[in-house]
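1. Here is my input; please provide its structure:
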Amino acid sequence: MTRALRVLFLSLATLVIATLAISGCSAPDEADSGGAPIQVNTSKGSVTINGVPKRIVALGAQWIDVALSFDVTPVAYLDNIQILTGEPAPWSRDKLEGSTPISTEDVVAQVAKAKPDLILATSYMADGQPEMYDQISKLAPTIPGITGKQIDPWQDMVTFLGTVLREPDKAKEITAGVDAKIDSVKKAMPGLNGKTYTMAYMYSADQIQVLGDPDDGATYLFSSLGMSIAPALVAQFRRNGQPRYPISTENVPLLNSDLLVLTANTDQLMSTLEKLPGYQNLRSVKTGAVSRLTVAEIGGLNEPTPLSLPYLLDKMNPALERASR
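-> I've put the predicted structure just below:
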């Protein structure tokens, strides 16, 4: 595997903007149990799915979780979170028994060995390594993402897979369940409405990655609670056009907001971050509205799924409650 592909899969903070646009995904008649073909038009060409897939290979953490939410265990999976951290995310760890993890070496051969009848891929894989994508797509019908956004909205992914599996009602049930969880937090903490938040990831001794794009897929959970990204970070995004971008450690005051969600590559880096000039003066730090997440957990916010969101709401609950005051 090239260094470029490794970076694509290992980075939870610098995904390539995709150019995919899927249209014309026609749902079969719900009464049709025979599995009428579904044709999907993508930027990589037309993809036809015949019948209900039985052997799904999921490439990417979002697709893994979406499949699992339908109680469908992929026959094989490539999990960018697991590659980065050494184990699956905590919300999916117990659900992957019997599924074969795919390593970053000789991906095509591993996918072929799984004998898939549907491959769920990602737009950043398809656009970042087109030669590999072309090889994989010859093995079985392959979907290179859904919407063309930097992060596919998990609801669209659920709806899509519900159509493919001929389970549209199940798809609605999954989405409604997550929405109900978010609504319960919103009702319990009305003070979150209008508050600001910051997502920060310290990945080196002198660089902190932040989220600045208010339309990024990672903002879904917080915007659903009525929250918005710290204005200073949005302003910087407007200037540089980068949804996620690094700031130097002397710019810690830019992290000022009502809620701080942060992680670091190591405990040592986390300790370094907390000792940086200006950190103790952040509003969130003073009020205790800081949620320290693991790299896997911050990945579940960067790439939201119907499994990660309920888990992370529980994990961030204490910090959310303090921010709501």
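2. residues near K286, how many?
-> Neighbour count for K286, taken as other CB atoms under 10 Å: 10. All C-beta spots, glycine's among them, are computed from the backbone N, C-alpha and C.
3. same deal with the one 5 residues further on?
-> The number of residues packed around S291, counting by other CB under 10 Å, is 24.
4. just checking, it touches A319?
-> Yes: contact between S291 and A319 holds when scored by CB atoms under 8 Å: they sit 3.8 Å apart.
5. shared neighbours of these two, anything?
-> Overlap of the contact sets of S291 and A319 (by CB atoms under 8 Å, 6 or more residues apart in numbering) consists of 259-261.
6. For those residues, which ChimeraX command selects only the ones that are buried?
-> In ChimeraX, this line selects whichever of these come out buried by 16 or more other CB atoms under 10 Å:
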select :259,260,261
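7. From the shared contacts of S291 and A319, pick the one nearest I174.
-> Lowest distance from I174 to those (CB to CB) belongs to V261, with 24.4 Å.
8. three-state assignment of that closest one?
-> When states are read from DSSP: H, G, I helix; E, B strand; the rest coil, the local structure at V261 comes out as strand.
9. Correct me if wrong: it contacts M316.
-> Yes: contact status for V261 versus M316: in contact at 6.8 Å, counting by CB under 8 Å.
10. Could you please give me the overlap between the contact lists of these two?
-> Between them, V261 and M316 share these contacting residues under CB under 8 Å, 6+ apart: 291, 293.
11. Using the record's assignment, carve the chain into domains.
-> Here the domain parsing of the chain from automatic domain parsing is 3-166, 188-323.
12. Lowest average pLDDT across the ones you listed?
-> In terms of average pLDDT, domain 3-166 trails the rest of the domains of the chain, at a mean of 81.
13. Pull the contacting residues for A200.
-> By CB under 8 Å, 6+ apart, A200 lies in contact with 208-210, 255, 260-263, 273.
14. which of the residues you listed sit farthest apart?
-> Pairwise distances across these peak at 13.8 Å for Q209 and L260 (criterion: CB to CB).
15. related to what we said a few turns ago, want to try a markdown table for the domains of the chain, with distance to D179 as columns?
-> Below are the domains of the chain laid out as a markdown table (distance: least, CB to CB, whole Å):
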| stretch | distance to D179 |
| --- | --- |
| domain 3-166 | 9 |
| domain 188-323 | 8 |
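16. can you tell which of these is closest to I182?
-> When the domains of the chain are compared for distance to I182 using CB to CB, the nearest one is domain 188-323, at 5.0 Å.
17. what comes up buried for stretch 248-260?
-> Burial within stretch 248-260, assessed by neighbour count using 16+ other CB under 10 Å, is assigned to 249, 252, 254-260.
18. Could I get the CA-only coordinates of it as PDB?
-> C-alpha atoms of stretch 248-260 as PDB (Å, rounded to 0.1, in the frame of the first residue of the first chain):
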ATOM      1  CA  SER A 248      -0.300  26.400  16.000                       C
ATOM      2  CA  THR A 249      -0.100  25.900  19.700                       C
ATOM      3  CA  GLU A 250       0.200  29.700  20.400                       C
ATOM      4  CA  ASN A 251      -3.300  30.100  19.000                       C
ATOM      5  CA  VAL A 252      -5.000  28.100  21.800                       C
ATOM      6  CA  PRO A 253      -7.300  31.100  22.500                       C
ATOM      7  CA  LEU A 254      -9.100  30.400  19.200                       C
ATOM      8  CA  LEU A 255     -10.500  27.300  20.900                       C
ATOM      9  CA  ASN A 256     -12.600  29.500  23.200                       C
ATOM     10  CA  SER A 257     -16.300  28.300  23.300                       C
ATOM     11  CA  ASP A 258     -18.900  27.000  25.600                       C
ATOM     12  CA  LEU A 259     -18.000  23.300  25.000                       C
ATOM     13  CA  LEU A 260     -14.600  21.900  24.100                       C
END
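19. Helix or strand: which one has the closest residue to L260 other than its chain neighbours?
-> If the residues on either side of it in the chain are set aside, L260 comes closest to S284, at 3.9 Å by CB to CB, 6 or more residues apart in numbering. In this assignment (DSSP states H and E), S284 forms part of helix 283-287.
20. cool, and Q135?
-> Using DSSP H and E, the element containing Q135 is helix 130-137.
21. again with D314
-> For D314, the element it lies in under DSSP H and E is helix 308-323.
22. could you say what helices and strands that helix packs with?
-> Applying 3 or more CB pairs under 8 Å, 6 or more residues apart in numbering; DSSP states H and E, one finds that helix 308-323 contacts helix 168-188, helix 220-224, strand 259-264, helix 283-287, strand 290-292, helix 295-302.
23. for the ones you listed, which one sits closest to L84?
-> Set against L84 and scored by CB to CB, the helices and strands packed on helix 308-323 come closest in helix 295-302, at 6.2 Å.
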